[in-house]
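>>> any chance you could fold what I've pasted below:
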Amino acid sequence: MTDNETLRVYARKVDEYLSVTQDGTARDPALKAFIADLPAGAQVLDLGCGPGHIAAVIAAAGHHVTATDAVPEMVAHAGTHPGVTARVASFDDISGTGIYDGIWANFSLLHASRADMPRHLAALHTALKPGGLFHIAVKTGTGSKRDRLGRLYTYYTDPELTGLLTDAGFTVTHRQTGADTGLDGAVADWLALRAHA
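Just a heads-up that it's a prediction; the model follows:
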């Protein structure tokens, strides 16, 4: 995430974001399915981890979690969870080959520009071990715009996101749709895809 205004919003709203994201995390069916598909003692990257609630659930299931976020205030919270190694990093810092058994990118990459998404997905595919598991969730729609808080969003249709994943070398194996109320108070439709490298 390189949009400075988006980063500033998350830094200002960290306490509010903590309360919005904490409830129901452990009951998320997509998260349960992701954890169930991981090998024992997996190496997992939580990309755009926020305060680290999901990273904590994955770590509690016996996995080794690296949690990254471009907002230092979020990383400070994420690093307090047992079994979670948290560090400040942006999407541009994705590197390495065959490191992770799974990567969780839940409503994080939607803050990247559409032009940068192919590059980010290619780097994530490279960072996964062969056959590794990838979860991505985005808000659905077209174009890009800022919400009322000033965060920049890039919206995707299912065919567009599926195509981008396929082009990066992923095979999509599961899709889920829904709608939720976000930090800005608006209800938004979303799409979650699970794929393998």
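
>>> for the residue sitting nearest the centre point of the chain, name its beta-bridge partners.
Among the residues of the chain, the one closest to the centroid is residue 105, at 2.0 Å (C-alpha atoms, centre = their mean). Per DSSP bridges, the residues bridged to residue 105 are residue 136.

>>> what residue ranges in this protein score low on pLDDT?
1-2, 13, 15-26 (pLDDT under 70).

>>> so where do the strands sit in it?
43-47, 64-69, 84-88, 100-106, 128-139, 144-146, 152-154, 171-181, 187-196 (DSSP state E).

>>> ok, now how distant is the residue nearest to the centre of the chain from residue 111?
Residue 105 sits 11 Å away from residue 111, going by C-beta to C-beta, to the nearest Å. Yep, even glycine has a C-beta here, placed from its N, CA and C like the rest.

>>> now do the shared contacts for these two.
By C-beta atoms under 8 Å, 6 or more residues apart in numbering, residue 105 and residue 111 have these common neighbours: residue 48.

>>> surely residue 44 meets residue 63?
Yes - if you go by C-beta atoms under 8 Å, residue 44 and residue 63 touch, sitting 5.1 Å apart.

>>> who's more crowded, these two?
residue 44 (26 against 20; other C-beta atoms under 10 Å).

>>> okay, and the beta partners of the more buried one?
residue 65, residue 102.

>>> what sits against it?
By C-beta under 8 Å, 6+ apart, residue 44 lies in contact with 38, 58, 63-66, 100-104.

>>> and residue 100, by the same measure?
42-45, 66, 127-129, 132.

>>> re the thing from before, give me every residue that touches the residue nearest to the centre of the chain.
Applying C-beta under 8 Å, 6+ apart, the residues near residue 105 are 47-48, 124, 134-137.

>>> could you do residue 134 as well?
Contact analysis of residue 134 by C-beta under 8 Å, 6+ apart lists 102-103, 105, 124-125, 128, 165, 170, 194-197.

>>> and the residues you listed, which is closest to residue 6?
residue 105 (15.6 Å; C-beta to C-beta).

>>> how far away is the closest one from residue 82?
In terms of C-beta to C-beta, residue 105 sits 23 Å off from residue 82.

>>> repeat for residue 63
12 Å.

>>> before we move on, what about residue 112?
30 Å.

>>> between these two, which is the more surrounded one?
Comparing residue 112 with residue 82 by other C-beta under 10 Å, the one with more neighbours is residue 112, at 23 against 7.

>>> surely that one meets residue 153?
No - counting by C-beta under 8 Å, residue 153 is not a contact partner of residue 112; they are 10.0 Å apart.

>>> isn't residue 142 right up against residue 155?
Yes - judged on C-beta under 8 Å, residue 142 makes contact with residue 155 at a distance of 5.7 Å.
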